[in-house]
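**Q** the following comprises the amino acid sequence and a computationally predicted model.
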Amino acid sequence: MDRFITDNKKLNLIIIVQIDMRSLFCLFLLLTVGSIVAMAQDPYPEKPVAPAPTSLEALIKKPIFNHSNLVDSLIVWHAQENSLQKGVRGYRLQIYFSSGTDARSEIQKIKTRFLRVKPDVNTYTTYSAPDFKLRVGDFRSKSEALKLKKSLSSMFPDSFIVPEIIDPNY
């Protein structure tokens, strides 16, 4: 009789374990399906589409752009990054550089010679150890800088175009 009771307790324990395993499986299945549904949601829902304007005046006054909030945040970030710069990307023509003992006085002579030919073009003298550099112009495109390089090729044959942050109010 004692053996029957212990066998009965084992059977009850097995049934309870099976019920718990079924509950755990159902819970796992529910959580898995729920997370898949949650991932299917768009984290950046599109803005509601406004009705199309009917008159030409309405089109001119306010253009309609349909895009996500992520695009708005990227535009704000880009504007902030640009406000930190003290200029815009462009090009200059480097007409002279030297690291000799008389480099500073030599740059002044070449600068004077350049300004006699092109007085309306800005000049920039910089020192980047160990070189003194004379760069001229504020060009937004490489082709603009190339035009000046060609016009000065007989006077400064070793000049070359360098990318640099330039003054946007040139």
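**A** Now that the structure is in, tell me what you want to look at.
**Q** quickly note the distance from Phe156 to Phe97.
**A** Phe156 sits 11 Å away from Phe97, going by C-beta to C-beta, to the nearest Å. In this view, the C-beta of every residue, glycine as well, is placed from N, C-alpha and C.
**Q** whoops, Ser105 was the one
**A** The value you get for Ser105 to Phe97, if C-beta to C-beta is used, is 14 Å.
**Q** higher neighbour count, those two?
**A** The neighbour count for Ser105 versus Phe97, taken as other C-beta atoms under 10 Å, is higher for Phe97 (16 against 10).
**Q** dig out what that one forms beta bridges with.
**A** Note on Phe97: beta-bridge partners Lys133, judged by DSSP bridges.
**Q** check what pLDDT it gets.
**A** Note on Phe97: pLDDT of 88.
**Q** contacts only, for the nearest residue to Arg113 once chain neighbours are set aside.
**A** Closest residue to Arg113 apart from its sequence neighbours, by C-beta to C-beta, 6 or more residues apart in numbering: Met155 at 7.6 Å. By C-beta atoms under 8 Å, 6 or more residues apart in numbering, the contact list for Met155 reads 113-114, 117.
**Q** repeat for Ser99
**A** With contacts defined as C-beta under 8 Å, 6+ apart, the neighbours of Ser99 are 130-132.
**Q** how near is it to Lys150?
**A** Using C-beta to C-beta, Ser99 is found at 28 Å from Lys150.
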